[in-house]
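> model this:
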Amino acid sequence: MSKISLQDHSDYLSNFNVKRVTACVSSAPDIALGLGRRMIPAISLSLISLTASCNFERSEEGRDAEEIIQTFISPRDADILIADLSYDSEGIPVVGALTNLTQRPDYDNQPYFTPDASGIWYTANDPQNGQSDIWRYDFATESVTRITQSAPESEYSATALPDGSGISVIRVEADSMQRLWRFDLDGSNASLILPQIAPVGYHKWINESTVAMFVLGNPATLQVGDLETGQARILTEDIGRSIHNIPGTEDISYVQRHEDGSATIMRLPGQGGPPERISEAVSQGDFHAWTPDHFLLMTDGPLIFARRYEPEASWKQIADFSDLHLNLSRLAVSPDGTQIALVAELDALELPAN
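Below you'll find the model as predicted:
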């Protein structure tokens, strides 16, 4: 494990110049986006510093959103963005100022807030050797810690263990087998979980002895593994990649895909029983997350939608980042509901047709 503070990062700079960025946009009355000052050395030998001072002083006539966009350095490959979450008078989530934590040309993905909301675990790839490891960003110290460092293996999808003793990850082993592993919080004491179950792509814990897994295949299956028996049972097939705990319960949400191309967000009761429908997915999407007060969130290109966890609720758009040409995918909400992490990519270029 190696820790790099902001006060001592000279050896961390190599491939890219440190950049200072300012970006402001207001696309809705209650939504504003800007890059706040935050520096993060995202992975070996690269660091980007981001800062902004965006003051939306509107004239009596108002200002068009395009006129107040100062500068925006677009994501390169996948970057992790973070924003504060607040809630309007109806309790609907509002996305605040957005900071790009990992502005670099490679893979930074799969954010997961620590249980105390003091930081984020995420996966970062080193372009020099193709190694992917788990890193942790600490909000208080604005420093990053490399948690796993186990070449030639790579680790993905860090998730808090239910007993608080460490993290579980998907490890791509030396022979390319993908299985579920655990590490202590400092990256030590690696051990294999459920040796017989592979290839595992994603996972979420139901309780200390039961885990829901996306297991790759044609089609992919939702399997529930039992640590006491070492076995897993298949519950359904053709599911999406996004699996989440429903706050305050042992239940799991996942996306069920259908033959007609539609997709439904489902609830898997943690205490047993058949899956139950929650809602149709936004635009047949996959990536979703929950706020602690049971708002369901989904992304669709540059848009974020929210829906109450109620049978007759409907989706409501709460953010639109179209002006920044962002394509949002994964998202995560902090356990205290005050922050949201998003994975963003640059929209595909629109090339003229011949």
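> how many residues are close by Q231?
Neighbour count of Q231, defined by other Cβ atoms under 10 Å: 13. To be clear about C-beta, it is placed using only N, CA and C from the backbone, and glycine gets the same treatment.
> contact partners for it?
Going by Cβ atoms under 8 Å, 6 or more residues apart in numbering, Q231 touches Q196, G225.
> oh, and call the first residue 804 from now on, that's how I've got it
New numbering, starting at 804: the last item is Q1034.
> give me phi/psi at it?
phi -110, psi 170 (degrees, to the nearest 10).
> identify the bridge partners of it.
Per DSSP bridges, the residues bridged to Q1034 are D1029.
> quick one: it from Q999, how far?
7 Å (Cβ to Cβ, to the nearest Å).
> so the closest residue in space to W984 that isn't next to it in sequence versus H1006, what's the distance?
Leaving aside its sequence neighbours, W984 sits nearest to R974 (Cβ to Cβ, 6 or more residues apart in numbering; 4.4 Å). According to Cβ to Cβ, R974 stands 12 Å off from H1006.
> now do T1141
Look at T1141 and H1006: by Cβ to Cβ, they are 26 Å apart.
> these two: which has the busier surroundings?
Legend: neighbour count by other Cβ under 10 Å for T1141 and H1006, higher for H1006 (22 against 15).
> just checking, the more buried one is part of a strand?
Yes. Per DSSP: H, G, I helix; E, B strand; the rest coil, H1006 lies within a strand segment.
> tell me the contacts of it?
Counting by Cβ under 8 Å, 6+ apart, H1006 has contacts S960, T962, S971, I973, L983, V1014, A1015, M1016, F1017, I1046.
> can I get the helix or strand hosting the residue nearest to W984 in PDB? Just the C-alpha atoms.
In this structure, R974 sits in strand 969-975 according to DSSP states H and E. Extracted in PDB, the C-alpha atoms of strand 969-975 (Å, rounded to 0.1, in the frame of the first residue of the first chain):
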ATOM      1  CA  GLY A 969     -12.300  -5.000   4.800                       C
ATOM      2  CA  ILE A 970     -13.400  -5.100   1.200                       C
ATOM      3  CA  SER A 971     -14.400  -7.700  -1.200                       C
ATOM      4  CA  VAL A 972     -13.300  -7.400  -4.900                       C
ATOM      5  CA  ILE A 973     -13.500  -9.100  -8.200                       C
ATOM      6  CA  ARG A 974     -10.000 -10.300  -8.800                       C
ATOM      7  CA  VAL A 975      -8.800 -11.200 -12.300                       C
END
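> so what sits opposite P896 in the bridge?
Assessed by DSSP bridges, P896 has beta-bridge partners Y890.
> now do the contacts for it.
By Cβ under 8 Å, 6+ apart, the contact set of P896 is L888, S889, Y890, T1094, F1098, L1100, A1109, I1121, I1143.
> among these, which ones are buried?
L888, T1094, F1098, L1100, A1109, I1121, I1143 (16 or more other Cβ atoms under 10 Å).
> with secondary structure as extra columns, can I get those residues in CSV?
Output for the buried ones among the contacts of P896, formatted as CSV (three-state DSSP):
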residue, secondary structure
L888, strand
T1094, coil
F1098, strand
L1100, strand
A1109, strand
I1121, strand
I1143, strand
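> the helix or strand harbouring N928 pairs with which strands, parallel or anti?
Per DSSP H and E: N928 is located in strand 922-929. Strand 922-929 has its sheet partners listed here by DSSP bridges as strand 909-916 (antiparallel), strand 934-941 (antiparallel).
> H1061 is nearest to which of those strands?
Closest approach to H1061 among those (Cβ to Cβ): strand 909-916, 26.1 Å.
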